[in-house]
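Engineer: Here is the input, now give the coordinates:
(chains A and B)
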Number of protein chains: 2
Amino acid sequence: MKKTIFLTLLILNGLSSIAQESIDEQNIKLFYKKALTESKCYTWLEYLSNDIGPRLSGSANAETAVQYTKSQLERLGLDKVYLQEVMVPHWVRGEKETAYILNNKTKSVVPICALGGSVATAKTGLTAEVIEVLGIDELKKLSADKVKGKIVFFNRPMNPENIETFKSYGACVDQRFAGAQEAAKLGAVGTIVRSMNLRLDDFPHTGAQSYGDLPKEQYIPTAAISTNGAELLSTSLKTNPALKFYFKQSCQTLPDALSYNVIGELTGKETPENIMVVGGHLDSWDLADGSHDDGAGVVQSMEVLRILKNLNYKPKNTIRVVLFMNEENGGKGGAKYEEVSKQKNENHIFALESDSGGFTPRGFSIQADDANVKKIQGFKDFFEPYLVHSFTIGHAGSDIGHLTSKTIVKAGLKPDSQRYFDYHHAANDKFDAINKRELELGAATMASLMYLIDQKGIELPKSN
Amino acid sequence: MKKTIFLTLLILNGLSSIAQESIDEQNIKLFYKKALTESKCYTWLEYLSNDIGPRLSGSANAETAVQYTKSQLERLGLDKVYLQEVMVPHWVRGEKETAYILNNKTKSVVPICALGGSVATAKTGLTAEVIEVLGIDELKKLSADKVKGKIVFFNRPMNPENIETFKSYGACVDQRFAGAQEAAKLGAVGTIVRSMNLRLDDFPHTGAQSYGDLPKEQYIPTAAISTNGAELLSTSLKTNPALKFYFKQSCQTLPDALSYNVIGELTGKETPENIMVVGGHLDSWDLADGSHDDGAGVVQSMEVLRILKNLNYKPKNTIRVVLFMNEENGGKGGAKYEEVSKQKNENHIFALESDSGGFTPRGFSIQADDANVKKIQGFKDFFEPYLVHSFTIGHAGSDIGHLTSKTIVKAGLKPDSQRYFDYHHAANDKFDAINKRELELGAATMASLMYLIDQKGIELPKSN
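Structural biologist: The predicted structure follows:
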């Protein structure tokens, strides 16, 4: 019975209730039921998080994760499962960082972590006076003599007023990403950035940074400080602007390493040349196992294909799961996937990414032309029973951001965002921060949208 | 400036943007802003949870919580703050319970907790064979000789398929509430009920139970077992139906104790005789500090009045916060409040309860006639920017359930329910399970509905 084509099955079995509930509604109900009663995603994530652990690009763990997810996809009986080679940056943190505030004779240890891509300090560490700014704009207004020889402390907090926390992140993250390159231009010797975290706590949050076009000899070490640490430093500076800050980190960038995107697919039965992608990224930062970022997206994407295959669903279009490597510090996996796709002249019609945590799904962020935004918003009623309500225009995801097929429609799963930045890129982004049902509901929500797009297609541009 | 009447202020200041944003929209935005940037609710809850702790009715902690919340309400400068006497049941758990499965020669310790209101076992504990049933219906089909002298094990799990977990709770909780009285009628010597928890873990979840009309001498001890414990017991029974179960508990019911509802109000400026209540319950179970159940509802309700008072809002109707005592094991606070209200011939037009956890608010459960359901659903657009979407007909809350004013409209805050039963009535319902923003968003959502009803009134029945 399991192997009977389930659409037919529903048509046969569903006659009595068909007036009340469409085939689409019944299938979506089935996706949620399967996700909530028999999903594998929580077990997969437990393994990825607790057995494998942190998966920074180029690390042995990242390689183990590639092999593990490939083997799990192979067990699903998909039409194809394969790896796609990609060279990725290989940055390593080295010894745990140390830092303290030297305020007259008081030495206050504060939690920091090097930002991804940063250079090390001297082996003995770096000590300097500190100049606090609320962002790059404020820094740029300073004359070089105010900055020269100092550590620039970027302390703009995330704005708590936004309901969607990603908005507050977007308005802050330039300090982390480009703070060091801008400070170096003014002669700073290092930078410290307030962690992108709405809570006050003791976790420093790492993340990517870039020196941009700076010549290598001008690279300066850069690190994130916990929000409590940032508050202490800021308060201390108010009473003693001449205090000194010490930090030591021994991170380094090794030669690029060979790694892989992990890909599996159900080949389309009507228009196999039309490809629909669902994915997340397999790499994580190194401070924790990255259960939310983005272990959740990985296992949810795998679960979408598990559910469809388990129901013996025959997609019209090719449905492909892609577990991208290196989203966190380079985006090489996404770029490579697009490059190969272009070479093969592939046509992607739809891409769905989950990279905003494994929390209760609230909707989708849709990146498409008006006609397709409207089309997806037209699916709202299908999601109402599952309390998925928010269908807004916005960024869909960084990995699928690389895809450039002419008519591609993109969407990102939008989970509840309140807790995301409690964990993002920090040592507490661990398996115990995941709720099984929230994770599963996300997977079912993704399966439902993949199904609806497969069934109903996307709107093609009208030929002129 | 703080003391300027804020509606007027907005009218004066808001002229330029008035076409885009109504006064109501601006005020609601202000409520959310205040909740997210300066709320007291998280600090209050921290004190209630970490400094006071579990607050079972009749306990010293419950009394401390009464005094603490009263003093905090007094600081807000409300028009009235007072206590309302109420006699409450006083049940105490006594020593920590012990239990094990005796399967041939293997003794497996399992986590249990006495249900509220249960009697103790003999001092040496109780040992008996076990009969497993999936609920009261199944039990009732058994002949007395199958049950006599045994421990009845109610093991119907919560259904994971429901999106709203309260639905699954509602379909299971009769086993806990009335299992013992039904089992006793058939000669059982004790009952064990599977914890109302969707997860598999080691926390037993307590809760109220009632012996109904049984004569006292027929009372049998009853306890909850953790879900992992229930799974183990069930599996063990399959291979050895003759295994024995041992448990020991020393709980007892003391004489009723004097306690209080805590009440504060902003007196209405136009129709003070029309009362709007917002509330939660101050008592909690004894296994933890009850941060979600219902510390969250208490501090959110207090926060509603703090926000309104801080903005110098002058309500048309009287807005009253009521912190009810004894929701968990008797409902005496709600009943007393209604009794006194009836004596005073008070007219309640609206009541809002928060007693479903401090999670991200998703909407309201509305208990009213069609016209008022429609009226509240008509407010949907005001809540859209805050991702509050669900306005459904349903149970509003047990404390306000007692209110019987002729034209009263009731609503319950509906937070995301996925994690609620991970903590409900268990030792992990603690402050660290609370997210500050989620709690604050709930308070702002409640303030917004209170404001809208105050401004727009309720629909009165058309006179025939």
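Engineer: So for the longest helix along chain A, what gets flagged as buried?
Structural biologist: Ranked by number of residues, the top helix in chain A under DSSP state H is helix A:436-456. Using 16 or more other C-beta atoms under 10 Å in any protein chain shown as the test for burial, helix A:436-456 gives A:436-454. (Glycine included, C-beta is placed from N, CA and C.)
Engineer: How about it and chain B, touching?
Structural biologist: Yes. Using C-beta under 8 Å from any C-beta of the partner chain, helix A:436-456 reaches chain B at A:Lys436, A:Arg437, A:Glu438, A:Leu441.
Engineer: what residues does the stretch 1-150 of chain A put near chain B?
Structural biologist: A:Tyr32, A:Lys33, A:Leu36, A:Thr37.
Engineer: Quick check, the second one in contact with B:Ile163.
Structural biologist: No. A:Lys33 is beyond contact range of B:Ile163, at 10.5 Å (criterion: C-beta atoms under 8 Å).
Engineer: Those two: who's more crowded?
Structural biologist: Higher neighbour count among A:Lys33 and B:Ile163: B:Ile163, with 18 against 14, using other C-beta atoms under 10 Å in any protein chain shown.
Engineer: and the residue nearest to that one when sequence neighbours are not counted, what does it touch?
Structural biologist: The shortest distance from B:Ile163 to any non-neighbouring residue, by C-beta to C-beta, 6 or more residues apart in numbering or on different chains, is to A:Tyr386 (5.4 Å). Residues counted as contacts of A:Tyr386 (C-beta atoms under 8 Å, 6 or more residues apart in numbering or on different chains) are A:Ile28, A:Tyr32, A:Pro361, A:Leu441, A:Ala444, A:Thr445, A:Ser448, B:Ile163.
Engineer: Can you tell me the closest non-neighbouring residue to the fifth one?
Structural biologist: For A:Ala444, the nearest residue in space outside its immediate sequence neighbours is A:Ala35; the separation is 3.7 Å by C-beta to C-beta, 6+ apart.
Engineer: pretty sure A:Ser118 is in a helix, no?
Structural biologist: No. Judged by DSSP: H, G, I helix; E, B strand; the rest coil, A:Ser118 forms no part of a helix; its state is coil.
Engineer: check contacts around it.
Structural biologist: Residues in contact with A:Ser118 (C-beta under 8 Å, 6+ apart) are A:Ala180, A:Gln209, A:Pro221, A:Thr222, A:Ala223, A:Gln249, A:Cys251.
Engineer: let's go with 10 Å and repeat that
Structural biologist: Each residue near A:Ser118 by C-beta atoms under 10 Å, 6 or more residues apart in numbering or on different chains is listed here: A:91, A:93, A:97, A:180, A:190-191, A:206, A:208-209, A:211, A:219-224, A:249, A:251-253.
Engineer: Now do the residue in the stretch 101-250 of chain A positioned nearest to chain B, the pLDDT please.
Structural biologist: Nearest residue of the stretch 101-250 of chain A to chain B: A:Pro160, at 4.7 Å (C-beta to the nearest C-beta). A:Pro160 carries a pLDDT score of 98 in this model.
Engineer: before we move on, what about A:Ala114?
Structural biologist: On the pLDDT scale, A:Ala114 gets 98.
Engineer: okay but it is in contact with A:Ile220, surely?
Structural biologist: No. Applying C-beta atoms under 10 Å as the test, A:Ala114 and A:Ile220 come out as separate, 11.9 Å apart.
Engineer: When the two are compared, which one has more neighbours?
Structural biologist: Neighbour tally, A:Ala114 and A:Ile220, criterion other C-beta under 10 Å: the higher count belongs to A:Ala114, 29 against 22.
Engineer: ok now do that one, which residues does it touch?
Structural biologist: Contact analysis of A:Ala114 by C-beta under 10 Å, 6+ apart lists A:91-94, A:96-97, A:120-121, A:204, A:206, A:209, A:221-224, A:247-252, A:286.
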